[in-house]
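K.L.:
Got a predicted structure plus its sequence, pasted below:
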Amino acid sequence: MIKAFSRFLLLRVLGFTVNVKEPIPPKFIIALAPHTSNWDFVIGNLYSRAMDIPCQFLMKKEWFIWPLGYIMKSLGGIPIDRSKRTRVTEQIAQTAREQEVFHLCITPEGTRKRNPEWKKGFYYIALMADIPILLYGLDYSRRLIECTKTVIPSGDIEKDMAEIKSYFKNYNGKHPEKFAL
């Protein structure tokens with residue numbers, strides 16, 4: 001029921017198309033960009049449910065107040081306290097190594113504001129957990145959700161991040177002026 005309703009909303013009502021060429025392994029991190037609007041969260045959650053690919057996501061802890069916190073956690077949210085230096089990356093990588101199935105979606109920009117300095121936590125989680133990064137582009141101008149590339153972290157973060165950022169150069173966020181590579 002939820003799958004069919006999500007597909008209806010995403011594909012028919014909102015008019016998005018899906019072009020996912022990469023296989024979906026049991027463990028992965030989705031790097032989703034551009035992230036320029038709160039609508040990205042809505043679209044991502046609809047996609048996750050429509051395609052029956054349950055995914056967790058990281059979000060600043062301020063979103064996890066009652067009653068919103070209950071809803072966010074039920075959708076797969078993991079609250080992050082960005083004011084403290086914690087070992088979240090290592091903890092999530094450890095969890096990924098221990099679980100048979102692990103799906104995490106992260107927006108590398110880390111904010112909806114223009115940010116050319118992308119966060120690298122998603123990369124380090126994938127590297128430490130030895131799991132692939134699926135690159136998902138969200139394009140509002142073409143009403144397209146697309147994944148045609150998977151990156152296996154090599155440990156050469158500069159090279160790999162350049163490849164990842166390059167993948168997203170042709171995608172237009174809801175507010176293109178807020179997207180920076």
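P.N.:
Now that the structure is in, tell me what you want to look at. Being a predicted model, the structure only gives us computed values, none of them experimental. Numbering: from 1, shown residues only.

K.L.:
neighbouring strands for the least confident helix or strand in the chain by mean pLDDT, and are they parallel or not?
P.N.:
Here the helix or strand of the chain ranked lowest by mean pLDDT, DSSP states H and E is strand 77-80, holding a mean of 76. Here strand 77-80 is paired, per DSSP bridges, with strand 56-60 (parallel).

K.L.:
And the strands in this structure?
P.N.:
17-20, 27-33, 56-60, 77-80, 102-106, 133-139, 144-151 (DSSP state E).

K.L.:
Out of those, which gets nearest to Trp66?
P.N.:
Proximity to Trp66 (C-beta to C-beta) singles out strand 77-80 among the strands of the chain, at 12.6 Å. Bear in mind the C-beta positions are built from the backbone N, C-alpha and C, glycine included.

K.L.:
so where's the protein uncertain?
P.N.:
Scanning the chain for pLDDT under 70 picks out 82-84.

K.L.:
Show the residue spans covered by the helices in it.
P.N.:
2-7, 39-50, 68-74, 88-98, 121-129, 157-167 (DSSP state H).

K.L.:
circling back: okay if I get the strands of the chain as a markdown table plus distance to Thr89 and mean neighbour count?
P.N.:
Below are the strands of the chain laid out as a markdown table (distance: least, C-beta to C-beta, whole Å; neighbours: other C-beta atoms under 10 Å):
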| stretch | distance to Thr89 | mean neighbour count |
| --- | --- | --- |
| strand 17-20 | 26 | 13 |
| strand 27-33 | 11 | 24 |
| strand 56-60 | 10 | 18 |
| strand 77-80 | 10 | 18 |
| strand 102-106 | 11 | 23 |
| strand 133-139 | 14 | 23 |
| strand 144-151 | 17 | 18 |
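
K.L.:
Kindly reformat those strands as JSON lines and extend each row with distance to Pro116.
P.N.:
What follows is those, written out as JSON lines (distance: least, C-beta to C-beta, whole Å):
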{"stretch": "strand 17-20", "distance to Pro116": "27"}
{"stretch": "strand 27-33", "distance to Pro116": "12"}
{"stretch": "strand 56-60", "distance to Pro116": "20"}
{"stretch": "strand 77-80", "distance to Pro116": "21"}
{"stretch": "strand 102-106", "distance to Pro116": "17"}
{"stretch": "strand 133-139", "distance to Pro116": "17"}
{"stretch": "strand 144-151", "distance to Pro116": "19"}
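
K.L.:
All set, thanks.
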